[in-house]
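Q: please find the sequence and the predicted model below.
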Amino acid sequence: MVIVRRPLLLRSAAMAIIAAGLVACAPAGERGPGGAGTPTRSPSTTPAAPLTETPTPTPTQASPTEQALELVTAMTPRERAATVVMGHAPGIDPSALVSALHAGPQGLILMGDNIAADPEQQRALIDAVSAATDPAPLIGIDQEGGDVARLPWDDAPSARELKGADPAEVADAFAARARQLDEAGITVNFGIVADLPRDDASFIFSRAYGTDPEEVAGAVGGAVDGEQGRVLSTLKHFPGHGAAEGDSHSSIPTTEMPLDEWRSADAVPFEAGIDAGAELVMMGHLRFTAVDERPASLSPEWYRVLREDLGFDGVAVTDDLGMLLSSGDPTYEDAAGNAVEALRAGADLVLMIAGSTPESQAATVDRIAAAARNGELPEGRLAEAAQRVLALRLDADPGE
């Protein structure tokens, strides 16, 4: 599907031109009544003020949010559904990746099998894929550096080297990383770990920036600062892997931590990243039973906390929904159903990688569209999610 962008232009220019013409054609003065014996008024000796033409306002293009609203209003349920799914297609054949975009999700995440031999070939691949839709699709990648890195030529320091570092040093590292992503044509980095491990035995410790809330907050804010202007920043894994220990790739880590305790510790780095301007927050498959029995990625309450308590107004993206399948919990064995549930809870973008194919991703798009038609997923919720994602795409790809 090709999305045709329709910029919203002000129409006052034409009205101003008509108004100026009417002023220019108006007579300078009126004669008195022409009846017999009625004297005519002598012309004024005071020079008339020169006529000035009303300036024509310069047409202004609407904001990405306004353009996105117009686009979403004209979309079918399936087009909206495709907008809110980001999937993975294997390989570096641009025609295969473009086919995946046209058949299903309007966003792609790059994994190891999508990485070309060098930066130049990577850019050529991404340019070919990005030209497939208008606006260009979001192209995402997990490029934390260190343990999680897809681009092998990224040699900027990672969390392993940056624990305890000054925020400015973290900003420099992520500025270097963002330049490489930008040069490759990648628009979204799922790369800023805002988790707060309790000690070095934690699953997430090697990828996190320390164990002190304020120290980690400084690093997260610095990372967002470094990426600004080159790549869209993502904080992960909300509400935090540190409190809910365990590997969410193969289980659903669980904690009984109450919300007040979470606010005083694990929330702090996420707040710092949001305040710094992060455009996306990734929802983790983490269960905080004192808040909700459901994983945060499927929990309306955690989306509410993110929006209302932390003030986030960007795109909320799920972690890979395939990880829920890998948890072994039969409650979450329906991948497409999980996508509908996440969107209904408050997600704007659902991520599909593990266990999915371009065909199953297209089927998920169909399932979301059907849910919007039959009322299982409120149409307004889908439209809201699609508008947020489209605004991000327009912001990342402003066009001419």
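A: That came through, no problem. Numbers count the residues shown, from 1 in each chain.

Q: any low-confidence regions in the stretch 101-250 of the chain?
A: For the stretch 101-250 of the chain, applying pLDDT under 70 flags the ranges 247-248, 250.

Q: mind running it again at 90?
A: Residues of the stretch 101-250 of the chain meeting the criterion pLDDT under 90: 203, 241-250.

Q: just the helices in it please.
A: 119-130, 159-162, 167-183, 213-227 (DSSP state H, counting those that start in this stretch).

Q: need those in JSON lines with mean neighbour count and distance to Q67, can you?
A: All C-beta atoms are positioned from the backbone trio N, CA, C, and that covers glycine. Below are the helices of the stretch 101-250 of the chain laid out as JSON lines (neighbours: other CB atoms under 10 Å; distance: least, CB to CB, whole Å):
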{"stretch": "helix 119-130", "mean neighbour count": "18", "distance to Q67": "18"}
{"stretch": "helix 159-162", "mean neighbour count": "19", "distance to Q67": "37"}
{"stretch": "helix 167-183", "mean neighbour count": "20", "distance to Q67": "23"}
{"stretch": "helix 213-227", "mean neighbour count": "24", "distance to Q67": "24"}
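
Q: any chance of those helices in a markdown table, plus distance to Y303?
A: Formatted as a markdown table, these follow (distance: least, CB to CB, whole Å):
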| stretch | distance to Y303 |
| --- | --- |
| helix 119-130 | 30 |
| helix 159-162 | 27 |
| helix 167-183 | 26 |
| helix 213-227 | 20 |
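
Q: so which of these is nearest G145?
A: With distances scored as CB to CB, the stretch of those nearest to G145 is helix 167-183 (6.2 Å).

Q: any idea of the angle that closest one forms with helix 119-130?
A: 70 degrees (axes from the mean of the first three to the mean of the last three CA atoms, to 10 degrees).

Q: ok and helix 167-183 relative to helix 213-227, angle-wise?
A: Relative orientation of helix 167-183 versus helix 213-227 (the same axes, to 10 degrees): 40 degrees.

Q: show me what helix 167-183 is packed against.
A: helix 119-130, helix 159-162, strand 188-193, helix 213-227 (3 or more CB pairs under 8 Å, 6 or more residues apart in numbering; DSSP states H and E).

Q: rerun that using 10 Å as the cut-off
A: Helix 167-183 is packed against helix 119-130, strand 138-141, helix 159-162, strand 188-193, helix 213-227, strand 232-238, helix 267-276, with contacts defined by 3 or more CB pairs under 10 Å, 6 or more residues apart in numbering; DSSP states H and E.

Q: these: which one's closest to A168?
A: helix 213-227 (6.5 Å).

Q: how far does the closest one sit from the chain's center?
A: 19 Å (CA atoms, centre = their mean, to the nearest Å).

Q: ok, now stretch 79-95?
A: 15 Å.

Q: about what we covered before: in TSV: the helices and strands packed on helix 167-183, plus distance to A290.
A: Output for those, formatted as TSV (distance: least, CB to CB, whole Å):
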stretch	distance to A290
helix 119-130	43
strand 138-141	32
helix 159-162	28
strand 188-193	24
helix 213-227	19
strand 232-238	16
helix 267-276	14
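
Q: P77 is nearest to which of the helices of the stretch 101-250 of the chain?
A: Counting by CB to CB, P77 lies closest to helix 119-130 out of the helices of the stretch 101-250 of the chain; the figure is 24.9 Å.

Q: can you tell me what sits against that closest one?
A: For helix 119-130, the surrounding residues in contact (CB atoms under 10 Å, 6 or more residues apart in numbering) are 89, 91-98, 100-101, 108, 110, 114-116, 136-139, 150-151, 153-154, 180-187, 396-397.

Q: just give me how far it sits from the chain centre.
A: Using CA atoms, centre = their mean, the offset of helix 119-130 from its chain centre is 21 Å.

Q: what are the bridge partners for the residue lying closest to A278 once chain neighbours are set aside, then?
A: Of all residues not flanking A278 in the chain, S233 sits nearest, at 4.4 Å (CB to CB, 6 or more residues apart in numbering). Beta-bridge pairing of S233 under DSSP bridges involves N189.
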